[in-house]
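Enquirer: Need a 3D model of the following:
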Amino acid sequence: MSTQAELVKETVTFDSRTFRQALGHFPTGVAIVTTRSPEGRPVGLTINSFASLSLDPPLVLWSLVKHSPSLAFFQDCKHFAIHVISQHQVEAALGFANSRTEDKFSLVSHSSSDEGIPVIDDCIATFICENHNQHDGGDHTLFIGKVIRHDTEPTLAPAVFHRGGFTHLQQQSGD
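Expert: Below you'll find the model as predicted:
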């Protein structure tokens with residue numbers, strides 16, 4: 001019979017694939033985050049790690065895997081925009097998620113903000129943020145943005161990601 005101390009010392013094998021599958025049971029919204037490179041080229045990628053952090057001051061949080069080719073652009077930028085996408089923008093989200101997509105911004109209608117960052121049109125919500133803080137998060141970098149401006153389009157249905165694919169929310173009657 002093992003003692004408590006022996007049980008604590010046992011090494012537990014952790015399967016990251018099944019962990020990821022378990023996390024996939026939590027439905028998330030989908031967003032595209034954008035900024036500009038130092039040379040002025042628009043940069044963007046799809047995320048599902050977006051969350052509110054604080055109302056006072058207004059802070060939001062998202063994360064990016066450390067091996068992303070776009071990591072340095074977001075680490076060094078002064079501003080970024082987070083775009084909560086709608087169901088009709090799923091194809092754009094798939095394109096922005098693919099590092100082999102050469103011209104991601106040809107997939108969306110967009111303009112430039114006062115801060116000079118690309119802003120995607122027709123999103124459910126858009127948050128223009130100062131790059132407030134960054135933290136180590138294991139194999140990801142956590143980005144905290146201070147929201148300086150936001151806009152919403154509440155009539156659109158959100159894109160939702162669940163168990164490895166896009167799905168739809170059922171609208172409740174009486175809305």
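
Enquirer: which ones are touching A81?
Expert: The neighbours of A81, taking CB atoms under 8 Å, 6 or more residues apart in numbering as the test, are 33-35, 113, 117-120, 126-129. In short, each C-beta sits where N, CA and C put it, glycine included.

Enquirer: Just grab the bridge partners of it for me.
Expert: For A81, the beta-bridge partners under DSSP bridges are T34, I128.

Enquirer: Could you tell me the per-residue confidence at A31?
Expert: The per-residue pLDDT reported for A31 equals 96.

Enquirer: Quick check: the gap between it and S16.
Expert: Applying CB to CB, to the nearest Å, the value for A31 to S16 is 24 Å.

Enquirer: Could you check which of the two has the larger neighbour count?
Expert: A31 (29 against 8; other CB atoms under 10 Å).

Enquirer: Make sure A22 is indeed in a helix.
Expert: Yes: under the criterion used here (DSSP: H, G, I helix; E, B strand; the rest coil), A22 sits inside a helix.

Enquirer: what sits against S113?
Expert: 79, 81, 119, 128 are the contacts of S113 under CB under 8 Å, 6+ apart.

Enquirer: That should have said H168, apologies.
Expert: With the criterion set at CB under 8 Å, 6+ apart, H168 makes contact with 87, 157, 160.

Enquirer: my guess is the second one meets Q87, correct?
Expert: Pointing back at A157 there. Yes: applying CB atoms under 8 Å, one finds A157 in contact with Q87, separated by 4.8 Å.

Enquirer: more neighbours, these two?
Expert: Neighbour count, other CB under 10 Å: between A157 and Q87, Q87 has more, with 16 against 12.

Enquirer: Can you tell me how far that one is from N131?
Expert: Counting by CB to CB, the gap from Q87 to N131 is 29 Å.

Enquirer: List the beta-bridge partners for the most centrally placed residue in the chain.
Expert: Nearest residue to the geometric centre of the chain (CA atoms, centre = their mean): I47, 2.6 Å. Assessed by DSSP bridges, I47 has beta-bridge partners A31.

Enquirer: Please enumerate the helices of the chain.
Expert: Assigned by DSSP state H, the helices in the chain fall at 4-9, 16-23, 71-76, 90-97.

Enquirer: Out of the ones you listed, point me to the one whose mean pLDDT is lowest.
Expert: helix 4-9 (a mean of 53).

Enquirer: Let's see the pLDDT reported for the closest residue to H140 other than its chain neighbours.
Expert: Spatial nearest neighbour of H140, excluding adjacent residues (CB to CB, 6 or more residues apart in numbering): S63 at 4.2 Å. If you check S63, the pLDDT there is 96.
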